[in-house]
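> when you get a sec, could you give me coordinates for this:
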Amino acid sequence: KTGTLTKGRPELTDLIVTGGFDRTEILRHVASLETLSEHPIAEAIVAAAEKDGLALTAPQRFEATPGYGISGIVEGRKVLVGADRALSKAGIAIDHFAGNARQLGDEGKSPLYAAIDGTLAAIIAVADPIKPTSRSAIAALHEQGLKVAMITGDNARTAQAIARQLGIDEVVAEVLPEGKVEAIKRLRANGRKLAFVGDGINDAPALAEADVGLAVGTGTDIAIESADVVLMSGDLRGVSTALAISRATIRNIKQNLFWAFAYNATLVPVAAGAAFPFTGTLLSPALAAGAMALSSVFVLANALRLRSFGAPAGSEAGASGAPLELEYAK
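Predicted structure coming up:
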């Protein structure tokens, strides 16, 4: 979801503290810890603190657990920031914010929690704007008769809210980074073919596992190296374009094979004299060579029709008239 369906540039929208904690102090401690994180959510929290003019301090200790959150020591206090599973793992109850979490999730925001010295301190919400092209990209895939699933580490309520906005068919939420490959295997059950689109470091194993891996060109190098196809512009509408041009190419190959075999199956026996006993017809070597050349010209002309390929409506090229920007990596 993040960086593929959404812009990957979340913004801090809510910070609600429990009794006994000060909002400014919590934001300062959390943002100070997040300065050592490279996650887009960390950047959003740090940006919000800087916008408020807060002075941040360097953490004395920092630890990041992929799929859970981060922890460390800030100004002598133990700070933990992460998803609900991170606090559950630390034995910290989050029931106090159950109602807030439901509301934020229904609004499509991703709720996080902050704990100070082992005590629940705040619920933090960030919203990652959906890319303007995501809705039309999903619609174009549906028009091609495909089903679309979203795999995300976000909580289920937030994921379902995003899926409703985009018209996504299936949602696999709360997936840890190492669980994406297993999620793909489940989605691929019953013989279904699966194409996976991703952009991050954690997407690389899933891109390699899928029947077809498509990497967003604006993503990480390791994701691009693991993919079969790279969407050079980073526009998700290129997925439907890639599928359409691939289908057109296979259709063209089948047409060429059919006509080449039909042409040769008919004329090679005539050139060999098979019709002479019945009709007295013979084909001179010069005419046979000309017919063979004509066969090659026909196949080549049919293949060149792909130069006038028209991208489906709603796809990257179909919507903007821009040239096709796909790179087949393998």
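> quick one: average pLDDT of the helix or strand residue 150 falls within?
Following DSSP states H and E, one finds residue 150 within strand 149-151. When pLDDT is averaged along strand 149-151, the result is 93.
> what strands flank it, and is each parallel or antiparallel?
Strand 149-151 has the following strand partners under DSSP bridges: strand 170-172 (parallel).
> buried sites along the strand it pairs with?
Across strand 170-172, burial judged by 16 or more other C-beta atoms under 10 Å covers 171-172. From N, CA and C alone the C-beta is placed, and that goes for glycine too.
> tell me the helix or strand right after that strand.
By DSSP H and E, the next helix or strand past strand 170-172 is helix 180-187.
> where's residue 287, which helix or strand?
helix 285-304.
> need the longest helix for this structure.
What stands out as the longest helix in the chain, according to DSSP state H, is helix 238-271.
> ok, residue 253 to residue 303 distance?
Distance, residue 253 to residue 303, by C-beta to C-beta, to the nearest Å: 8 Å.
> poorly predicted segments of the stretch 101-250 of the chain, please.
Low-confidence segments of the stretch 101-250 of the chain, defined by pLDDT under 70: 219.
> where do the strands sit along it?
For the stretch 101-250 of the chain, the strands defined by DSSP state E, counting those that start in this stretch cover 110-116, 119-127, 149-151, 170-172, 195-198, 212-216, 229-231.
> I'd like those strands as CSV, with distance to residue 238 appended.
Shown next, in CSV, are the strands of the stretch 101-250 of the chain (distance: least, C-beta to C-beta, whole Å):
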stretch, distance to residue 238
strand 110-116, 26
strand 119-127, 25
strand 149-151, 18
strand 170-172, 22
strand 195-198, 9
strand 212-216, 8
strand 229-231, 4
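> what's in contact with the helix or strand hosting residue 31?
Following DSSP H and E, one finds residue 31 within helix 23-34. With C-beta atoms under 8 Å, 6 or more residues apart in numbering as the test, helix 23-34 has contacts from 15, 17, 41-43, 45-46, 48-50, 52, 54-59, 62, 70-72, 74-75, 77, 79, 81, 114, 116, 121-122, 124.
> show me just the buried residues among the residues you listed.
When those are checked against 16+ other C-beta under 10 Å, the ones flagged as buried are 15, 17, 41-43, 45-46, 48-49, 54, 56, 59, 62, 70-72, 74, 79, 81, 114, 116, 121-122, 124.
> tell me which of those residues fall in strands.
Using DSSP state E, the members of the buried ones among the contacts of helix 23-34 that fall in strands are 15, 17, 62, 70-72, 74, 79, 81, 114, 116, 121-122, 124.
> can you pull the contacts of the nearest residue to residue 288 once chain neighbours are set aside?
Nearest residue to residue 288 in three dimensions, chain neighbours excluded: residue 271, at 4.3 Å (C-beta to C-beta, 6 or more residues apart in numbering). Contacts of residue 271 were listed using C-beta under 8 Å, 6+ apart, and they are 283, 288, 291.
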